[in-house]
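Trainee: sequence and predicted structure, then a few things I'm wondering about:
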Amino acid sequence: MSVLTVHGLNVSAGDAELVRDVSFTIGKGERVGLIGESGSGKSVTASAVMGLLSEELTASGSITLNGKQIVGMPERQLSRLRGRDMSMVFQEPMTALNPAMQVGKQVAEVMSLHRTQPDRRSARAAAVDLLGRVRLPDPQRAAKSYPHQLSGGQRQRVMLAIALANNPSLLICDEPTTALDVTVQAQILDLILANTNDSALLFITHDLAVVATVCERVLVMYNGRIVESGLVRDVFTAPEHRYTRQLLASSDLEATDENGRLRTVSHD
């Protein structure tokens, strides 16, 4: 049984269609990349899955998470799913973290809210453990820090800890490493891989090399539609759609051998 099933999803703003007839599934432990240029509909699709579309946007079609229909679900029910059954890591953690709350309390709050820990003391202890799990140095001290006291990479680790706090069955990562330098980016990707063995993962990015590192399957989005999908190895070594070929031509990615192993190269 698929963890996430999206079928015939349409998202519109008045007469403007932002996402059209999008369909895909993600199973338990499966890692799927969603790629495309800015404005292609990637983040709108993720927001629809999370039930986070703004009021001026309208969704139709079907989105089911563990058999539960997301489209049309009342906000009260959606709020019970967010942070417990499905979580999201955003591109810029400073806009998602509360600047006036210690990060340990923010990690603990999501467990207390969904009652996945018996009491606040247990939630705070679990929060410190999570901060250690995402390899923040001195997690006890980090838990007492405020977001502005941490580096960008450390803040993103906090966001990952919050997303993983309740062992969600679906984790969505929306460009989580775009603002980070290459070394920190690699560390965050390693953490995502290490902590999503059992979760369905939807990884949204414009970076094909990241998809090649993290994902098994890839969905290529263009002008609000999925124009190509398949195994990363197959799509990246023998793309069928013109847009996919253009993405590959402008990327730092190429196949190195007949087995389809991929590496990044510089086109400078």
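Mentor: On my side now, so go ahead. Just so it is clear, the model here is predicted, and its values are computed rather than measured.

Trainee: from Ser23, how far out is the closest residue to His7 other than its chain neighbours?
Mentor: Once flanking residues are discounted, His7 sits nearest to Ser62: 4.4 Å by Cβ to Cβ, 6 or more residues apart in numbering. For glycine as for every other residue, the C-beta is placed from the backbone atoms N, C-alpha and C. According to Cβ to Cβ, to the nearest Å, Ser62 stands 9 Å off from Ser23.

Trainee: which neighbours do these two share?
Mentor: Val6, His7, Gly8, Leu9 (Cβ atoms under 8 Å, 6 or more residues apart in numbering).

Trainee: and which of the residues you listed is nearest Arg31?
Mentor: Nearest to Arg31 out of these is Val6 (Cβ to Cβ; 16.1 Å).

Trainee: what sits against the closest one?
Mentor: By Cβ under 8 Å, 6+ apart, the neighbours of Val6 are Val22, Ser23, Phe24, Thr25, Thr45, Val49, Gly61, Ser62, Ile63.

Trainee: before we move on, back to that, among the shared contacts of Ser62 and Ser23, which ones are buried?
Mentor: When the shared contacts of Ser62 and Ser23 are checked for burial by 16 or more other Cβ atoms under 10 Å, the buried set is Val6, Leu9.

Trainee: possible to save the shared contacts of Ser62 and Ser23 as TSV with pLDDT and secondary structure?
Mentor: Compiled in TSV, the shared contacts of Ser62 and Ser23 are given as follows (pLDDT from 0 to 100; DSSP: H, G, I helix; E, B strand; the rest coil):
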residue	pLDDT	secondary structure
Val6	98	strand
His7	98	strand
Gly8	97	strand
Leu9	98	strand
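
Trainee: now for the shared contacts of Ser62 and Ser23: which two are most distant?
Mentor: Val6 and Gly8 (8.2 Å).

Trainee: shared neighbours, those two?
Mentor: By Cβ under 8 Å, 6+ apart, the residues touching both Val6 and Gly8 are Val22, Ser23, Gly61, Ser62.
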